[in-house]
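Enquirer: Provided below are the primary sequence and the corresponding predicted coordinates.
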Amino acid sequence: MVVPLLTFTDSDQRSVMRFLSCEVVEPAGIYGRMRTQYGDLCVPLQQVYEWTRKGQGGFAFVEDALRPGQGHCVVTNENIASVEALVRKNKRITVVEIAIISNVSVGSAHNMSMMAQRG
């Protein structure tokens, strides 16, 4: 008896495709097996063909790789401590000033200042 999966991610589906393509299962067979498990939320057949082709070319598609324009993580414990020190030094400092001094975006500066306040 097959029990469909109720919660899963794209990475889960990519992992299944990678595993089955290593087992030399054709994309249509991979799609059929995935459709049984994931139901209507299964990726389209065309996507299975594309990911399988990329996987056979040596592309590791389980996790997204960094690409130009993708944000890098600047909210680190060190940066949060730095923001906390700035706020302790000057309680009236603005988020924009924190962003300029820390060389991060205003959004990241805001997030770090909120984390610093929580302690």
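Expert: The structure has been received and is ready for your questions. Numbering: from 1, shown residues only.
Enquirer: so what pLDDT did residue 69 get?
Expert: Note on residue 69: pLDDT of 53.
Enquirer: can you start the count at 470 instead of 1 from here on
Expert: Right, with 470 as the first residue, what we last looked at is residue 538.
Enquirer: where exactly do the helices run in the chain?
Expert: 479-491, 496-507, 514-525, 546-558, 564-571, 575-587 (DSSP state H).
Enquirer: Grab the nearest non-local neighbour of residue 479.
Expert: Residue nearest to residue 479 in three dimensions, not counting chain neighbours: residue 512, with 7.5 Å by C-beta to C-beta, 6 or more residues apart in numbering. Placement of C-beta: from N, CA and C, glycine included.
Enquirer: What about the one you found, how many residues nearby?
Expert: Number of residues near residue 512 (other C-beta atoms under 10 Å) recorded here: 18.
Enquirer: With mean pLDDT and mean neighbour count as extra columns, can I get the helices of the chain in CSV?
Expert: Listed next are those as CSV, based on pLDDT from 0 to 100; neighbours: other C-beta atoms under 10 Å:
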stretch, mean pLDDT, mean neighbour count
helix 479-491, 84, 17
helix 496-507, 92, 17
helix 514-525, 85, 16
helix 546-558, 91, 14
helix 564-571, 93, 16
helix 575-587, 86, 16
